[in-house]
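[1] I would like the atomic coordinates for the input below:
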Amino acid sequence: MKQITFDEFETKFRPLSEDGSMKWIDKNDQEFLDAPIENIWSIIETEGDPVIISGCHAVNRLDYLVCEVARDNQTDEFEVTDW
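    Okay, the predicted model is just below:
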């Protein structure tokens with residue numbers, strides 16, 4: 001799994017925002033339902049700390065993010081640190 005900083009994540013993948021803040025997406029939101037899997041990221045809890053990882057995950061999930069830019073392919077895995 002490749003590690004990237006939050007700044008790199010924002011610059012490269014451009015998470016959807018609302019009023020200048022990252023938009024948290026519920027699994028029932030239309031943006032989530034319409035988004036290709038390559039555009040979905042999961043915020044999960046690992047050892048008490050939240051981490052953003054690529055893909056749609058259910059275990060330890062806190063929320064989802066949808067990005068404007070897709071990952072290169074479904075097998076690319078990223079972990080966003082320093083956020």
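
[2] Quick one: end-to-end distance for stretch 13-31.
    End-to-end distance of stretch 13-31 (C-alpha to C-alpha, to the nearest Å): 16 Å.

[3] Oh, that last question was meant for stretch 38-58, not what I typed.
    The first-to-last residue distance of stretch 38-58 comes to 16 Å (C-alpha to C-alpha).

[4] Residues touching it, excluding its own?
    By C-beta atoms under 8 Å, 6 or more residues apart in numbering, the residues outside stretch 38-58 that reach it are 1, 6, 9, 13, 15, 24, 32, 37, 59-74, 76-81, 83. (Each C-beta comes from the backbone N, C-alpha and C, glycine too.)

[5] Which members of those residues are positioned in strands?
    61-66, 78-81 (DSSP state E).

[6] can you point me to the longest helix in the chain?
    helix 6-13 (DSSP state H).

[7] Helix or strand: which one has Gln3?
    Counting by DSSP states H and E, the element that carries Gln3 is strand 2-5.

[8] Now do the contacts for Glu68.
    13-16, 39.

[9] quick one: low-confidence parts of this structure?
    Counting by pLDDT under 70, the chain contains low-confidence ranges at 19-21, 23-24, 26-27, 73-76, 83.

[10] what pairs with the residue nearest the centre of it across the strands?
    Nearest residue to the geometric centre of the chain (C-alpha atoms, centre = their mean): Trp41, 2.4 Å. Note on Trp41: beta-bridge partners by DSSP bridges are Ser54, Leu65.

[11] Fine, thanks again, bye for now.
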